[in-house]
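Visitor: Output the structure for:
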Amino acid sequence: MGSTYIKNYKQARKKGFSASKQLEKMTELFPNLKLIKSKGNSFEVVIKLCPTIVSKSYDVKICFDKYSGVDVYVINEILEVAKNRKTLPHVYSHKEQKLCLYSWKKRQWTKEKLISSTIIPWASEWLEFYELWLISGKWLGGGHDEYREQTEEKISED
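Guide: Next up, the predicted model:
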């Protein structure tokens, strides 16, 4: 029985986790999850994330499609922008508040990974870095450098 389980698990991993399996794992770890929409190989959910014990809670919408991937948005509020900046840092869309959590090119997230153990912790970490960014205007979360043309002096002067 053990070898059959391992074989089936490996096959599932090759094909990627189904939408229902992703939802099952997310619900186990995040009982506050609200299912917005579920159809076939896709779903949309909203969860509340609080990145630190002194942070506020954020409503985060996660949109999953087995074939096109995962998109993550902060919803139900407009995120503030740091005093010395004009747009949110490290996002795919400032207007939609669509977070940039990983590199597609580097395959940091693939359909063979669980959203509950990758995307959700990354979203929480993004929110923590966002709160620090609001204070300093410096993005400490890594990834691509939106402000590479600006030096530390220019950041301080703004």
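
Visitor: buried stuff in the lengthiest helix in the chain?
Guide: Criterion DSSP state H: the longest helix present in the chain is helix 119-136. For helix 119-136, the buried set under the neighbour-count rule, 16 or more other C-beta atoms under 10 Å, comprises 119-120, 122-124, 126-133. All C-beta spots, glycine's among them, are computed from the backbone N, C-alpha and C.

Visitor: and if you look at stretch 73-83?
Guide: Buried-residue list, stretch 73-83, by 16+ other C-beta under 10 Å: 73-74, 82.

Visitor: Equivalent analysis for stretch 31-38, please.
Guide: For stretch 31-38, using 16+ other C-beta under 10 Å, the buried residues are residue 33.

Visitor: returning to what we had before: make JSON lines out of the buried residues of stretch 73-83 and add distance to residue 49 and pLDDT.
Guide: Formatted as JSON lines, the buried residues of stretch 73-83 follow (distance: C-beta to C-beta, whole Å; pLDDT from 0 to 100):
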{"residue": "73", "distance to residue 49": "12", "pLDDT": "98"}
{"residue": "74", "distance to residue 49": "9", "pLDDT": "98"}
{"residue": "82", "distance to residue 49": "20", "pLDDT": "94"}
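
Visitor: could those residues go into TSV alongside distance to residue 90?
Guide: Shown next, in TSV, are these (distance: C-beta to C-beta, whole Å):
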residue	distance to residue 90
73	14
74	12
82	12
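
Visitor: Which ones among these lie within strands?
Guide: 73-74 (DSSP state E).
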